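In: quick check, what structure comes out for this input:
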Amino acid sequence: MRSFALPSAIALAAAVAAPAACDDGDVRFGPPGGLRVRTDDAVGSSEPCPLPEGATGATCPEWADAVFPAIFASETYKCSADGCHGPGGTPSAGLTLYPDDADKTYDALAAYQNYGRPYVSEGEPAKAYLLCNLTNSPDVSLGTVMPPTALIEGEDLVLLGDWVACGMKKQGGTPVTGTGGAGGGQ
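Out: I've put the predicted structure just below:
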């Protein structure tokens, strides 16, 4: 009787199939080997992503002048770099960001959806999953934590949180008056 190591056979099959899965429209987040298994409740959740500590929404940063250059066009986070979501090559997850164009990047983020949930939702930030995708908290993160090169932390995370709390507007924003999660509330 011939025997073989079942775990090795399964690992080999998974390794061979992994590159093909990256081109599958049902694969939602992250590079091969970086996909995170989540429960359906987490992935399909419509719960608001919580604001980061320190973000109050009392002042509203401008997208093009503050948020875009600090986060999405930043050399630190490399979101719009080729090989990540940049326009050169095949952008990750089908999302293209433009390092020199705040308007096109905003429009791309606003048009991008996953499991029926928008990444950015102007005027309705509680529907968006941007903050859930950029947090390292296992309780709220959706998919692979982005960016993979360096977590967004400190002042940059507060800046992003304030922009979300103010309505994720392309231009302008309204300071939050409530105390709820993304978008204020009661």
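In: residue 59 is in contact with residue 175, isn't it?
Out: Yes. With contact defined as CB atoms under 8 Å, residue 59 reaches residue 175; the gap is 6.7 Å. C-beta coordinates here come from the backbone N, C-alpha and C atoms, glycine included.
In: comparing these two, which shows the higher neighbour count?
Out: Taking other CB atoms under 10 Å, residue 59 and residue 175 do not tie; residue 175 has more neighbours (14 against 11).
In: in contact with that one: list those residues for me.
Out: 57, 58, 59, 60, 166 (CB atoms under 8 Å, 6 or more residues apart in numbering).
In: check the gap between the residue nearest to residue 79 when sequence neighbours are not counted and residue 101 for me.
Out: In this structure, residue 79 finds its nearest non-sequential neighbour in residue 72, 4.9 Å apart by CB to CB, 6 or more residues apart in numbering. Per CB to CB, to the nearest Å, residue 72 is found 10 Å from residue 101.
In: next one: residue 93
Out: Taking CB to CB as the measure, residue 93 falls 19 Å from residue 101.
In: more neighbours, the two?
Out: residue 93 (19 against 16).
In: pretty sure the more buried one sits in a helix.
Out: Yes. Under DSSP: H, G, I helix; E, B strand; the rest coil, residue 93 falls within a helix.
In: closest to residue 47 out of the contacts of residue 175?
Out: Taking CB to CB as the measure, residue 57 is the one of these closest to residue 47, at 18.2 Å.
In: which strand residues bridge residue 117?
Out: residue 114 (DSSP bridges).
In: what number of residues lie near it?
Out: Neighbours around residue 117, by other CB under 10 Å: 17.
In: how close does it get to residue 102?
Out: Distance of residue 117 to residue 102, computed by CB to CB: 23 Å.
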